[in-house]
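J.: whatever this is, show me its structure:
(2 chains)
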2 protein chains.
Amino acid sequence: MSIRFQIEATNGAGRLGRLITPHGVVETPVFMPVGTLASVKGVAQDLLEDLGVQILLGNTYHLYLRPGVDTVRGMGGLHGFMSWDRAILTDSGGFQVFSLTELRKVNEEGVTFRSHLDGSSHFFSPESAIEAEIGLGADIIMAFDECTEFPAERERVRASMELTLRWAERSKKHFDEHKRRVPWGTSAQHSALSIEPKQSGESPPAVPRWAGTLPTTGATQSLFGIVQGGMDLELRRESAERTVEIGFPGYAMGGLSVGEPRAVTREIVESTLQYLPIDQPRYLMGVGTPEEIAAYAALGVDMMDCVLPTRAARHGLLFTSVGKVSIKQARYANDAGALDPACGCRVCARYSRAYLRHLYASNEVLAQVLNTVHNLSFYLDTMRRVRHSIRLGEGTGFLSGVSSQPKP
Amino acid sequence: MSIRFQIEATNGAGRLGRLITPHGVVETPVFMPVGTLASVKGVAQDLLEDLGVQILLGNTYHLYLRPGVDTVRGMGGLHGFMSWDRAILTDSGGFQVFSLTELRKVNEEGVTFRSHLDGSSHFFSPESAIEAEIGLGADIIMAFDECTEFPAERERVRASMELTLRWAERSKKHFDEHKRRVPWGTSAQHSALSIEPKQSGESPPAVPRWAGTLPTTGATQSLFGIVQGGMDLELRRESAERTVEIGFPGYAMGGLSVGEPRAVTREIVESTLQYLPIDQPRYLMGVGTPEEIAAYAALGVDMMDCVLPTRAARHGLLFTSVGKVSIKQARYANDAGALDPACGCRVCARYSRAYLRHLYASNEVLAQVLNTVHNLSFYLDTMRRVRHSIRLGEGTGFLSGVSSQPKP
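T.: Okay, here's the model as predicted:
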């Protein structure tokens, strides 16, 4: 047993759940901050804990290049390497590799690609990608898929979907044969993480370390399958059904948010969800804005990730209860008010818009740190409100940016 | 009354003191981290509080250019602007202006200089520099001086010293006439800082907000004089005596650490200290390594500042109990040990050398954050040990990097 998923309440299609992993409980629907290179850019791990982050995402492609899988495995996997004992999910590298449009070559066996760092040549197959993910040791890992480009002809989408299905079987086979090699519990680092209290002077996490955590001894990772099928509802249905037939403890929808109109994304998601098992976690990859993640949660999506809050923060774009704020604007130069008076994060509680504007305009590193903390806090608060609404059976109309619906 | 200085213990020439400012007590000897643009690069204010920072340094030249004095004054001074209610010291801009060798022109009246940002022309006189410092509202501000270049002919050093003395008188005159215009207490920001508890969820500072803090109502800033005189012991003596004659509540030694050999710096400091009032704070500007700050404290210096710990951190150079570590080196790539096993900072308590090396090699912003936290912690710990040794009357031989001397 490697994860358990419990649905605690539903509201329409939305579900409130608990995803119990070898490294703690994840309350769903959940937004997973992206820590590409084993770091959420600019934000230390204790701050992520304070923000209530229960699961982080790491990118296999980037970690494979730097610091390399062997280094991470030697430190007990990502948990030991980055000193994070809550849950982690890694993608398979597929999406990043397929983003290297000029630098890759696909065949049945896998993908040959060139590093964006130094141009060196590398090869990912379903087997080697899963091998890398086992070495990285995340709690949840993803099958190696082909992210179909957009737009694409129907026959191309079908061929790509078929390839992803064959790769899903190979991913699963390799995982089943090698999953016992997960680096947990074999290294001093991980043992230290599991047993000894931290000495960092931090207050303990809100959820005790052991509560709802599966024992890591004997536990393995969980491999999720990925539904593809482009923007074709029928192919999405076929991809979902055949991926479920292969059998995974959770399912993702990939190949979305790749340039298609938002209405199409939503239509695909809503349609695909009905072909995924209702009692297993459903993960929508790579979305979205605060309004979108709330809306997808209301449709029954359990997990989401996106670089938007962290990347936007680095560009001075901040999400607030009254819309987006571009903090670089001169209008904020003497604004003594909080960034978002309705926000309780440590940035809004302490600093003025004038100070945040100054930090950004002066290219101070603290701008990135504080902006990222706020945006992540805003995303996590959004999901907290979503979960609260589902629990109370409240309408979730407010989640799409319109006013709250009356209670039923 | 704007500051009080109490000497609580002495050990040889070294003194343990309490510098009571309108924004809290500063235990001396103290190392002051540099927050050039109202931010210690990469480190949030709550983290500086956790590190035990009791006084920060801001740079008038940089703050005058960005965000501008009016903006800071309008937010209640630096304390309100950067949300820091502990003590602050600003330099006068003199040192930075004199670093712009190609971009400045000095005459009796003051210095015309070009901004390093956009080449725009500006003018600092003793009066306008003090005016800027009053607007920035630090607890301790510095007279406008000429930092004599090194090396320099004796006559040039004397002329420069005389100019600094005339500017010291003008600085004092302007300050005395205008010191009531300090922005404390006149703005909503500052009132909020003084009266209301923070809502940031932070634990309260170790020293209660009111203990040993002078009331800000009616309190003013304190203007320190600066001793110059190049590397000439006689001129330093004359500069010290004549600066003391003008009369300030504290005295700095400027124009050191500008390229001269370390032994010369030390000789000048040791010699000059004997001409400074024993019951007033003595500030050595712009030094130094951990060994040096400990050694200068043992000579009777009460205050020091330096960009070294923060700047070195950005270049991956870390100070540890066993010497400097260049964390970028490949030898640390798989090193599971703490950066400095003897250090109790949150970085050493949580992260491995391998992780810190990865962050630095991958150009992750968190590298700068964590490296800076560690280096500052190391400097502050060094000064804590110095103060402890003075209190106990212990030898301070360990402070220069040699083994501890036996107790007397």
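
J.: could you list the low-pLDDT ranges of the stretch 301-408 of chain A?
T.: Residue ranges of the stretch 301-408 of chain A with pLDDT under 70: A:395-408.

J.: apply 80 and report the result again.
T.: Applying pLDDT under 80 to the stretch 301-408 of chain A flags residues A:394-408.

J.: next: chain A.
T.: A:1, A:101-102, A:185-217, A:394-408.

J.: spatially central residue in chain A, please.
T.: Computing the C-alpha centroid of chain A and ranking residues by Cα atoms, centre = their mean puts A:Asp305 first, at 3.3 Å.

J.: do you know how far that residue is from A:Glu133?
T.: Remark: distance between A:Asp305 and A:Glu133 (Cβ to Cβ, to the nearest Å) = 16 Å. Where you see a C-beta, it was placed from the backbone N, CA and C, and this is true even at glycine.

J.: do A:Phe319 as well
T.: To A:Glu133, A:Phe319 is 31 Å away according to Cβ to Cβ.

J.: of those two, which one has the most company?
T.: A:Glu133 (31 against 25; other Cβ atoms under 10 Å in any protein chain shown).

J.: what's the distance between the nearest residue to the residue nearest to the centre of chain A once chain neighbours are set aside and chain B?
T.: Take A:Asp305 and drop its neighbours on the chain: the residue closest to it by Cβ to Cβ, 6 or more residues apart in numbering or on different chains is A:Met32, 4.2 Å away. Shown here: A:Met32 relative to chain B, a distance of 18 Å by Cβ to the nearest Cβ, to the nearest Å.

J.: count of neighbours near A:Met32?
T.: Counted with other Cβ under 10 Å, the neighbours of A:Met32 add up to 24.

J.: next one: the one 10 residues further on
T.: Taking other Cβ under 10 Å as the criterion, the count of residues near A:Gly42 is 25.

J.: ok, A:Val373 touching A:Val43?
T.: Yes - at 6.1 Å, A:Val373 counts as touching A:Val43 under the criterion of Cβ atoms under 8 Å.

J.: strands of the stretch 301-408 of chain A, start to end?
T.: Remark: strands assigned in the stretch 301-408 of chain A by DSSP state E, counting those that start in this stretch are A:303-305, A:317-320, A:323-326.

J.: not counting the second one itself, show me its contacts.
T.: The set of residues that contact strand A:317-320 without belonging to it, under Cβ atoms under 8 Å, 6 or more residues apart in numbering or on different chains, is A:289-290, A:309, A:312, A:324-327, A:339-340, A:342-343, A:356, A:371, A:374-375, A:378-379.

J.: put the alpha carbons of that strand into PDB.
T.: Presented in PDB, the C-alpha positions along strand A:317-320 are these (Å, rounded to 0.1, in the frame of the first residue of the first chain):
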ATOM      1  CA  LEU A 317       2.300  40.200 -10.900                       C
ATOM      2  CA  LEU A 318       0.400  39.600  -7.700                       C
ATOM      3  CA  PHE A 319      -3.000  37.900  -7.200                       C
ATOM      4  CA  THR A 320      -5.300  39.600  -4.800                       C
END
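
J.: adjacent strands (with direction) for that strand?
T.: strand A:323-326 (antiparallel) (DSSP bridges).

J.: strands of the stretch 1-150 of chain A, start to end?
T.: With DSSP E, counting those that start in this stretch applied, the stretch 1-150 of chain A shows strands at A:4-11, A:14-21, A:24-28, A:30-32, A:55-58, A:87-90, A:104-106, A:111-114, A:121-124, A:140-142, listed in chain order.

J.: tell me who's in contact with the residue nearest to A:Asp305.
T.: Counting by Cβ under 8 Å, 6+ apart, A:Met32 makes contact with A:Ile55, A:Leu56, A:Leu57, A:Leu89, A:Met303, A:Met304, A:Asp305.

J.: tell me how far the spatially closest residue to the fourth one that is not a sequence neighbour lies from chain B.
T.: When you say that, I think you mean A:Leu89. Distance criterion Cβ to Cβ, 6+ apart; nearest residue to A:Leu89, sequence neighbours excluded, is A:Ile140 at 4.2 Å. Computed as Cβ to the nearest Cβ, the A:Ile140 to chain B distance reads 22 Å.

J.: contact partners for A:Ile140?
T.: Contacts for A:Ile140 (Cβ under 8 Å, 6+ apart) come out as A:Ile3, A:Thr21, A:Ile55, A:Ala87, A:Ile88, A:Leu89, A:Thr90, A:Gln221, A:Ser222, A:Leu223, A:Phe224, A:Gly250.

J.: redo that, cut-off 7 Å
T.: By Cβ atoms under 7 Å, 6 or more residues apart in numbering or on different chains, the contact set of A:Ile140 is A:Ile3, A:Leu89, A:Gln221, A:Ser222, A:Phe224, A:Gly250.

J.: the third one is in contact with A:Leu136, isn't it?
T.: No - with the criterion set as Cβ atoms under 7 Å, A:Gln221 and A:Leu136 do not qualify as a contacting pair; they are 9.3 Å apart.

J.: pretty sure A:Asn371 sits against A:Ala313.
T.: Yes - taking Cβ under 7 Å as the definition, A:Asn371 is a contact partner of A:Ala313 at 3.7 Å.

J.: ok, longest helix in chain A?
T.: helix A:365-392 (DSSP state H).

J.: touching chain B at all, that one?
T.: Yes - on the criterion Cβ under 7 Å from any Cβ of the partner chain, helix A:365-392 is in touch with chain B at A:Val365, A:Leu366, A:Gln368, A:Val369, A:Leu370.

J.: give me the distance between the residue located most distally from the centre of chain A and B:Met75.
T.: Going by Cα atoms, centre = their mean, the residue of chain A most distant from its centre is A:Asn334, 36.7 Å out. Using Cβ to Cβ, we find A:Asn334 at a distance of 8 Å from B:Met75.

J.: what touches both of those two?
T.: A:Ala354.

J.: much appreciated, bye for now.
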